[in-house]
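Trainee: Have a look at this prediction, sequence included:
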Amino acid sequence: MNCKGVVRELSDFLDGELAPDLLKELEQHIQKCKNCRLVVDTTRKTIEIYCDAEPLPLPEGVHQRLQQALANKLGRQPS
Amino acid sequence: MPVHLENEATLVAEAKEGNAEAFTVLVNQYERNIFRLALNITSNKEDAEDVLQESFLKAYTNLGRFQGNSRFYTWLVRIAVNESLMKLRKRRSDRQVSLDEKLETEDDGLLPREIVDWGDNPEQRYAKTEWQEILAEATQTLEPAFRTVFTLRDVEQLSTEETAEALGLSVPAVKSRLLRARLKLRQRLNKYFK
């Protein structure tokens, strides 16, 4: 596998969905290619960063307006 | 990723029977995720708030049609994605937005140009709020077709199949766009970690 092949298979590799033969080829390549190793590591980190990011609290008033809209729909006081 | 409620199925069943309190628990659990999802897709806070309200109102109205074949959250996400895309199309009526539009699919340009080691915990160089803004801005630089797939797959952590189903795309199309989105975001974040 060459560098282009690593990039093509990158997502499946990071998602653990790469076929065993391709997995072996990719692992062999990144062992000897520092650039590809860095691309793999930093792309993995990119995914982890977004996965780990907690959603921010809702902006002021958004929760209350949602509750009011639901209360109107459900015919009861907002909780 | 939202922590899914252990008793979600019970709450959904109770809400179907007209128990508003049960539905409110579901709303409180997922409102921040749905708002973030809508904001990621529409890039507009007012639109995201509209999507938030309309999604939960639609979910409540159509609860009887939810058959429990998927998680309630996945079903809710699908509603929110549709609402978000409608907002996006409305706002950009001069530039038709479609998830089916032909996108660059050749390998050319996929090979990363700048390769830098980020170190172990690059995000620790930034304050939490500043960091969240950096991530949001980076996402907004992606085309809607890419950022929608990325948001569902890597932010909300739906499976590839769930993402494909929610967006009406094939699994290969989701994979192709996800790869491009991940590589583009990696490139965008590079400058913060040099």
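Mentor: Here it is on my side, so go on.
Trainee: Need phi/psi at the residue nearest to B:Pro122 when sequence neighbours are not counted.
Mentor: Using C-beta to C-beta, 6 or more residues apart in numbering or on different chains and skipping residues adjacent in sequence, the residue nearest B:Pro122 is B:Phe193, 4.3 Å away. C-beta: built from backbone N, CA, C; applies to glycine. Recorded main-chain torsions at B:Phe193 are phi -120, psi 10, according to degrees, to the nearest 10.
Trainee: Could you report the separation of B:Phe193 from B:Tyr126?
Mentor: Distance of B:Phe193 to B:Tyr126, given as C-beta to C-beta, to the nearest Å: 10 Å.
Trainee: how about B:Ala59, secondary structure?
Mentor: helix (DSSP: H, G, I helix; E, B strand; the rest coil).
Trainee: And B:Asp117, by the same measure?
Mentor: Of the three states, B:Asp117 takes coil according to three-state DSSP.
Trainee: what's the burial count for it?
Mentor: The tally of other residues near B:Asp117 (other C-beta atoms under 10 Å in any protein chain shown) stands at 13.
Trainee: Verify the stated contact: it with A:Val39.
Mentor: No - contact between B:Asp117 and A:Val39 fails when scored by C-beta atoms under 8 Å: they sit 10.7 Å apart.
Trainee: Can you show me the helices along chain A?
Mentor: Using DSSP state H, the helices of chain A run over residues A:3-14, A:20-32, A:34-52, A:62-74.
Trainee: got those helices as TSV, with mean neighbour count, distance to chain B and mean pLDDT columns?
Mentor: Listed next are these as TSV, based on neighbours: other C-beta atoms under 10 Å in any protein chain shown; distance: least, C-beta to the nearest C-beta, whole Å; pLDDT from 0 to 100:
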stretch	mean neighbour count	distance to chain B	mean pLDDT
helix A:3-14	19	4	93
helix A:20-32	13	12	95
helix A:34-52	18	5	91
helix A:62-74	16	5	91
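Trainee: Can you list the helices and strands that the worst-scoring helix or strand of chain B on mean pLDDT packs against?
Mentor: Across the helices and strands of chain B, mean confidence by mean pLDDT, DSSP states H and E is lowest for helix B:128-140: a mean of 85. Here helix B:128-140 touches helix B:20-42, helix B:144-150, helix B:171-190, going by 3 or more C-beta pairs under 8 Å, 6 or more residues apart in numbering or on different chains; DSSP states H and E.
Trainee: what's that helix in contact with?
Mentor: A:49-50, A:53, A:56, B:39-40, B:43, B:123, B:126, B:147, B:150-151, B:185, B:188-189, B:192 (C-beta atoms under 8 Å, 6 or more residues apart in numbering or on different chains).
Trainee: For PyMOL, write a command that selects the buried ones of the residues you listed.
Mentor: Remark: buried members of those, expressed as a PyMOL selection using 16 or more other C-beta atoms under 10 Å in any protein chain shown:
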select buried, (chain A and resi 49+50+53) or (chain B and resi 39+40+43+123+147+150+151+185+188+189+192)
